[in-house]
Every structure is written in C-alpha cells, then in structure tokens.
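In: 3D model of this:
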Amino acid sequence: MSNNKKVDQQARKEELKKRQELENLIQNASNDITTGVESAKKLLPSKKEAFLDYHTVKETIDKESRDIVHSIAEFYLDEEVVSRVPYVTQKTKVDHITVSSLLFQMKTAEHAIIKLLGEIDDGNLHPRTFEVLASLQRSKMEIVKHLAQFMIIMENAYKSFQEDYRIKKSETLTEVEGEDDELNGGFRTRGSKSLIQAMQRIKEAGATDDSIENIANDLKDKNNKTPDVEDGN
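Out: Okay, here's the model as predicted:
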C-alpha cells in the first residue's frame, strides 16, 4: 500500500513537470510569434485604413448642394424672387434635398468601391468580390446619370419660372393700369376693355349716345397726350 502511494506521487510529479515544460514551450512560442509580427510590421510598408466620417461628409454635401441649387436659381431669376416668392423658395428646398441625397449616395458608393479595391489588392480574389465591385460601379454610374438629368430638369424649371413670373407680373400690372382712377372730378381709363366698361356704366346711368361719343373722343385725346398711357388690346 505504501509502495503504491509512492508510485502515485512520483507519477504526479512527473506529470506536473511535463505540464510545466509544455506551458513554458507555449509561452515561448507565443512570445516568438509576437516578436515576429512586430518585426514584420517594421519591415512591411504601413497601410492606413480609410474611414469615412459620414457626419462631416453629409454637412459638406449639404452645403455643396445648396450652393448648386441657388446658383442655378439665381442665374435665371432675380435674387429677390428666389428669396421672397414662396413657390420658388419651396422649390429650391426640394431641389436641395434631392441633390444632397444623390451626392451622398455617390460619395458612399465611391467609398465602398475603394474599400473593395483595397481588398482585392490585399489578395482577396474571390469571384464574388469582383461581382459586388461591378455592381457598385454600375450603381455609381446610374447615380451620376440621375444627377446629370436632374440638373437639366432644374435648369428647365427655373427657365420656365422666369417666363411665368414675367407674364404674371405683366398681367398684374395691366390689371392695375386698367382700373378706373378718379381724376379732377372725372375719370381716366387705360385699355380699350376698360374704356368699353366705362362707357357701359355711363349709358346705364342715363347718358345719351351723343354724350357717350363725346366722352369717348375726349378720353382718346387725353390718352394720346399722356405719355404713360397705352391703348390696350
């Protein structure tokens, strides 16, 4: 019994000794690997990881898109019209959102393409990597095409606004000039439409045809003598 106990103790000592030697071997190997990696980093050229600060990019793109939209709007319209006419103001806001979204998508697509190219350069030659790269490149080209088309749409829209605003302003001025104005106890009219309406009101008030004709002739003479009066159609 005593001999068996001594044998067990001896075997345990041998086991502990081998275990310690194995742990020392693993530790030394780990230290050697760490040392080798550090040495390799010093020998190989360093490679910086490209990170995209999305918040900074979004702020920059928002400013760029706002400048793009306002430069186009102010090229065709007066600055006062762009800033004070509600319809044009809202239109520029919508255009800014659209341009900003397109530019941001294009920027993120470029970043993804650069990342994939780096993976390929590092040795990732899996066919799926090239498929994703081609898909991203197609998507980027579609974004570029949409952006170019939207720029043309914006230009045409603001050109149309320019003409519409000119016509609307002209119509408003004509309506104001066509109104009857009291002048020295009588009245002054601009435009044949207003003249006819004035004659109709005079006739309804009981004036004779001869008096109406005299008034009309008198008004025509005044209109011909007044530089700022135009005979409307």
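
In: pLDDT on the biggest helix by length in the chain, on average?
Out: Ranked by residue count under DSSP state H, the longest helix found in the chain is helix 127-177. Averaging pLDDT along helix 127-177 gives 84.

In: now do that helix: which elements does it pack against?
Out: Helices and strands touching helix 127-177, by 3 or more Cβ pairs under 8 Å, 6 or more residues apart in numbering; DSSP states H and E, are helix 54-76, helix 86-121. Heads up, the C-betas are built off the backbone N, CA and C, glycines and all.

In: now these as TSV including distance to Lys168, mean pLDDT and mean neighbour count?
Out: TSV is the format used below for the helices and strands packed on helix 127-177 (distance: least, Cβ to Cβ, whole Å; pLDDT from 0 to 100; neighbours: other Cβ atoms under 10 Å):
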stretch	distance to Lys168	mean pLDDT	mean neighbour count
helix 54-76	15	93	15
helix 86-121	11	92	16
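
In: of all those helices, which one is nearest Glu155?
Out: With Cβ to Cβ, the closest approach to Glu155 among those belongs to helix 54-76: 6.1 Å.

In: show me what contacts Lys107?
Out: For Lys107, the contact set (Cβ atoms under 8 Å, 6 or more residues apart in numbering) comprises Leu52, Val57, Ile61.

In: how close does the first one sit to Gly118?
Out: The span separating Leu52 from Gly118 equals 13 Å under the rule Cβ to Cβ, to the nearest Å.

In: same question for Phe75.
Out: For Phe75, the distance to Gly118 equals 41 Å [Cβ to Cβ].

In: and Ile152, by the same measure?
Out: For Ile152, the distance to Gly118 equals 35 Å [Cβ to Cβ].

In: how close does Ser139 get to His146?
Out: Computed as Cβ to Cβ, the Ser139 to His146 distance reads 11 Å.

In: oh sorry, the question was meant for Ile152
Out: Relative to His146, Ile152 is positioned 11 Å away (Cβ to Cβ).

In: my guess is Leu103 contacts Glu64. True?
Out: Yes: assessed by Cβ atoms under 8 Å, Leu103 is found in contact with Glu64 at 6.6 Å.

In: walk me through the domains of the protein.
Out: The record's domain parsing of the chain by automatic domain parsing lists 1-44, 54-176, 178-225.

In: adding distance to Gln10, write the contacts of Lys107 out as CSV.
Out: What follows is those, written out as CSV (distance: Cβ to Cβ, whole Å):
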residue, distance to Gln10
Leu52, 65
Val57, 71
Ile61, 77
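
In: looking at those residues, spot the one nearest Thr129.
Out: Nearest to Thr129 out of the contacts of Lys107 is Leu52 (Cβ to Cβ; 19.6 Å).

In: which ones are touching Ser139?
Out: Contacts of Ser139 (Cβ under 8 Å, 6+ apart): Ala109.

In: state the distance from it to Asn124.
Out: From Ser139 across to Asn124, the span is 20 Å (Cβ to Cβ).

In: what number of residues lie near the closest residue in space to Ala112 that isn't next to it in sequence?
Out: Distances taken as Cβ to Cβ, 6 or more residues apart in numbering put Leu136 closest to Ala112, at 5.4 Å, once the chain neighbours are dropped. Using other Cβ atoms under 10 Å, Leu136 has 18 other residues around it.

In: contacts only, for Leu136.
Out: Applying Cβ under 8 Å, 6+ apart, the residues near Leu136 are Ala109, Ala112, Ile113, Leu116.

In: in contact with the third one: list those residues for me.
Out: For Ile113, the contacting residues are Leu133, Leu136, Gln137, Lys140, by Cβ under 8 Å, 6+ apart.

In: ok, so of those, who is nearest Thr98?
Out: Thr98 lies nearest to Lys140 out of these, by Cβ to Cβ, at 17.4 Å.
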